[in-house]
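Peer 1: Next comes the sequence, and after it the predicted model I'd like to discuss.
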Amino acid sequence: MKRIKTLKTRNLCESAKKGGCGECQTSCQSACKTSCGVANQKCENVAK
Amino acid sequence: MVHQYKLNGYNIVLDSCSGSIHSVDDVAYDMIEMFEDHTWEEIVNELLEKYKDRDDVTKTDLYECYEDVLELKESGQLFTKDTYEDMAGTFKERSGNVIKALCLHVAHSCNLNCSYCFASQGKYHGDRALMSFEVGKRALDFLVENSGTRTNLEVDFFGGEPLMNFDVVKQLVAYARSIEKDKHKNFRFTLTTNGMLIDDDVIEFANKEMSNVVLSLDGRKEVHDRFRVDYAGKGSYDQIVPKFKKLVDARGGKGYYMRGTFTHFNPDFTNDVFHMADLGFTELSMEPVVGKPEDETTLTAEDIEIVKEQYEILAKDMIRRKKEGKPITFYHYMLDLEGGPCIYKRISGCGVGTEYMAVTPWGDLYPCHQFVGEESYKLGDVFNGVSNDALRDEFRCCNAYSRKECRDCWAKMYCSGGCAANAFHASGSIKGIYEPGCELFKKRIECAIMMHVSENEDE
């Protein structure tokens, strides 16, 4: 596309099909402790 | 839901519900903005007028762009409808009462006297106390018993200052390691410390057993020593920095974060991030202070604007550092676009009060470390389990769709509805919102996405 560049991203609609295993880290665990962010967590679904 | 913004010379279009990110030129940016509520004729007329001085913007060319936008829409990468609301509740229902993470308050006591501490110098508005091995062991058993089929279990050693109870920390880790194989579990430990008691024994133990260590450093010496003082009022910077360096140098690539707090006194916190980088640390996190509106440390409305600018400065500098081969990591800018969390994770809330709980030194359960000391938020204890089911259900309902303010917010796929503790402290309800927190969060995500766009453009 001439005017639009699309980055490679995980398709969230597709992730609904095999998602929700719950093995990923709890959101507040690692370094913040005072706010909530889920986007910087790694997916740990081995059956993905 | 589409969010468009311009930052650092890039035009960025985020399709929130599919997770798609597009870097576009001015013409496509304007067209996408008009696409859903204007006719083709309206769009072409307006854009031909706006770009009349440009040879490359013709009716034929605009039609090509229009078809590209339409193609992205039809392939589910633009204007994707939000159809996830029902899923937000079902994930937690499906999970039942599974608990997979505990924050163990092994010491409600601290050897520093930081006035801005949300835990009121580690005491959480109560008495000083240390967790016994028996209480800690029971907490680990409670976690295993309630973890269902989850393999990865997380345990934070937290305080106060957890190293004031180091022997119990060591005993608890040894106990967990002795049971994890038979129980088919994998314990991951984190230690959050102010560094005062780090010695060779702690370093060896932490680097062997802790998946992550969080080291509290506020940045520049004068900033750090303003609040992080001992009970005689003496700053701790000179004591802890060499210890942190020694620990990180010996860590062998295992996870760590230098974690600072910034306040009204240093809204220019990027200078503290850069200071930590100058010290040789690369994994960095700086958080806005949590406090009451009347506290002298609390960020003012003016500070919030400064902080937003600072986030942009930080993002641009991180791009520069990466290009120069000296990258640093900033916790809130970590965004794995291809391997990040699934939609369930993104909309189900942080897990507070359901899959994540905090345990006091005497075994009481609270929804998270920030609720400890709020008696009405006690969920139960590790001996008898969760007894306040109504409270747990209230937390179970916290997700990206539970607050009216979040309904039309593009960022909810990134914050999952925000921090319940921040909401409680700001509004008196876990279903409220903490608006300055939302503003800063959105700015951070915009910056993090911009950094990916920049990298993509350079490829």
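Peer 2: Nice, I can see it.
Peer 1: Pretty sure B:Thr261 sits against B:Tyr116.
Peer 2: Yes - if you go by Cβ atoms under 8 Å, B:Thr261 and B:Tyr116 touch, sitting 6.5 Å apart. (C-beta placed from N, C-alpha, C; glycine too.)
Peer 1: B:Glu405 is in contact with B:Gly437, isn't it?
Peer 2: No - using Cβ under 8 Å, B:Glu405 is not in contact with B:Gly437, being 11.7 Å away.
Peer 1: mind listing what's buried in stretch B:354-366?
Peer 2: Buried residues in stretch B:354-366, counted by 16 or more other Cβ atoms under 10 Å in any protein chain shown: B:354-366.
Peer 1: mean confidence score for that stretch?
Peer 2: Per-residue pLDDT over stretch B:354-366 has a mean of 96.
Peer 1: Put the alpha carbons of it into PDB.
Peer 2: Coordinates of each C-alpha in stretch B:354-366 appear next as PDB, following Å, rounded to 0.1, in the frame of the first residue of the first chain:
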ATOM      1  CA  THR B 354      -9.000 -13.300  42.300                       C
ATOM      2  CA  GLU B 355      -5.900 -14.900  40.900                       C
ATOM      3  CA  TYR B 356      -3.600 -12.600  42.900                       C
ATOM      4  CA  MET B 357      -3.600 -11.900  46.600                       C
ATOM      5  CA  ALA B 358      -1.400 -10.500  49.300                       C
ATOM      6  CA  VAL B 359      -0.600 -12.200  52.600                       C
ATOM      7  CA  THR B 360       0.100 -10.300  55.800                       C
ATOM      8  CA  PRO B 361       2.800 -11.500  58.300                       C
ATOM      9  CA  TRP B 362       0.100 -13.200  60.300                       C
ATOM     10  CA  GLY B 363      -1.600 -14.900  57.300                       C
ATOM     11  CA  ASP B 364      -4.500 -12.600  56.400                       C
ATOM     12  CA  LEU B 365      -5.500 -12.400  52.700                       C
ATOM     13  CA  TYR B 366      -6.000  -9.100  50.900                       C
END
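Peer 1: just to revisit the earlier point, and B:Thr261 and B:Tyr116? which has more neighbours close in?
Peer 2: Each of B:Thr261 and B:Tyr116 has its neighbours counted (other Cβ atoms under 10 Å in any protein chain shown); B:Thr261 has more, 29 against 20.
Peer 1: partner strands of the host helix or strand of the more buried one, parallel or antiparallel?
Peer 2: When elements are assigned from DSSP states H and E, B:Thr261 belongs to strand B:255-262. In the sheet, strand B:255-262 lines up against strand B:210-216 (parallel), strand B:283-288 (parallel) (DSSP bridges).
Peer 1: can I get these in CSV with mean neighbour count and mean pLDDT?
Peer 2: Converted to CSV, these look like this (neighbours: other Cβ atoms under 10 Å in any protein chain shown; pLDDT from 0 to 100):
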stretch, mean neighbour count, mean pLDDT
strand B:210-216, 24, 96
strand B:283-288, 23, 94
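Peer 1: May I have the secondary structure class of B:Arg188?
Peer 2: On the three-state scheme (DSSP: H, G, I helix; E, B strand; the rest coil), B:Arg188 is labelled strand.
Peer 1: check contacts around the residue nearest to it when sequence neighbours are not counted.
Peer 2: Once flanking residues are discounted, B:Arg188 sits nearest to B:Ser211: 4.2 Å by Cβ to Cβ, 6 or more residues apart in numbering or on different chains. Neighbouring residues of B:Ser211 by Cβ atoms under 8 Å, 6 or more residues apart in numbering or on different chains: B:Arg188, B:Phe189, B:Thr190, B:Lys254, B:Gly255.
Peer 1: Also B:Thr39?
Peer 2: No contacts exist for B:Thr39 under Cβ under 8 Å, 6+ apart.
Peer 1: Now do it against B:Tyr66, distance only.
Peer 2: With the distance defined as Cβ to Cβ, to the nearest Å, B:Thr39 ends up 11 Å from B:Tyr66.
Peer 1: can you check B:Asp249 too?
Peer 2: Distance from B:Asp249 to B:Tyr66, by Cβ to Cβ: 57 Å.
Peer 1: Between those two, which has more neighbouring residues?
Peer 2: Neighbour comparison, B:Asp249 and B:Tyr66: the larger count goes to B:Tyr66, with 17 against 10 (by other Cβ under 10 Å).
Peer 1: would you say B:Thr90 is within a helix?
Peer 2: Yes - counting by three-state DSSP, one finds B:Thr90 located in a helix.
Peer 1: For it, the count of nearby residues, please.
Peer 2: The local packing of B:Thr90 (other Cβ under 10 Å) involves 12 other residues.
Peer 1: Just the pLDDT at it, thanks.
Peer 2: Note on B:Thr90: pLDDT of 77.
Peer 1: Contact partners for it?
Peer 2: Per Cβ under 8 Å, 6+ apart, neighbours of B:Thr90: none.
Peer 1: Nearest residue to the residue of chain A found nearest chain B in space, please, no chain neighbours.
Peer 2: Nearest to chain B, among the residues of chain A, is A:Gly19, at 2.9 Å (Cβ to the nearest Cβ). Nearest residue to A:Gly19 in three dimensions, chain neighbours excluded: B:Cys342, at 2.9 Å (Cβ to Cβ, 6+ apart).
Peer 1: Touching both of B:Thr261 and B:Tyr116, which residues are there?
Peer 2: Any residue near both B:Thr261 and B:Tyr116 by Cβ under 8 Å, 6+ apart counts here, and that gives B:Phe227, B:Val289.
Peer 1: is it fair to say A:Ala16 lies in a helix?
Peer 2: Yes - A:Ala16: assigned to a helix according to three-state DSSP.
Peer 1: Quickly note the distance from it to B:Cys103.
Peer 2: Applying Cβ to Cβ, the value for A:Ala16 to B:Cys103 is 30 Å.
Peer 1: Which one's more surrounded, these two?
Peer 2: Comparing A:Ala16 with B:Cys103 by other Cβ under 10 Å, the one with more neighbours is B:Cys103, at 26 against 16.
Peer 1: Look at that one and tell me its secondary structure.
Peer 2: strand.
Peer 1: Give me the pLDDT for it.
Peer 2: With respect to pLDDT, B:Cys103 scores 96.
Peer 1: ditto for A:Lys18
Peer 2: The model reports A:Lys18 with a pLDDT of 78.
Peer 1: Is it correct that it is in contact with A:Cys43?
Peer 2: No - in this structure, A:Lys18 is not within contact of A:Cys43 by Cβ under 8 Å, at 10.2 Å.
Peer 1: Please identify every residue contacting each of those two.
Peer 2: Contacts common to A:Lys18 and A:Cys43, judged by Cβ under 8 Å, 6+ apart, are B:Cys342.
Peer 1: Show me what from the stretch 251-400 of chain B comes close to chain A.
Peer 2: By the rule Cβ under 8 Å from any Cβ of the partner chain, the part of the stretch 251-400 of chain B lying against chain A is B:255, B:257, B:259, B:261, B:285, B:287-288, B:290, B:331-346, B:349-352, B:355-356, B:368-370.
Peer 1: Can you tell me which of these are classed as buried?
Peer 2: B:257, B:259, B:261, B:285, B:287-288, B:290, B:331-335, B:337, B:340-346, B:349-352, B:355-356, B:368-370.
Peer 1: Quick one: mark the members of those residues that sit in strands.
Peer 2: Mapping those onto strands (DSSP state E) picks out B:Tyr257, B:Arg259, B:Thr261, B:Ser285, B:Glu287, B:Pro288, B:Tyr356.
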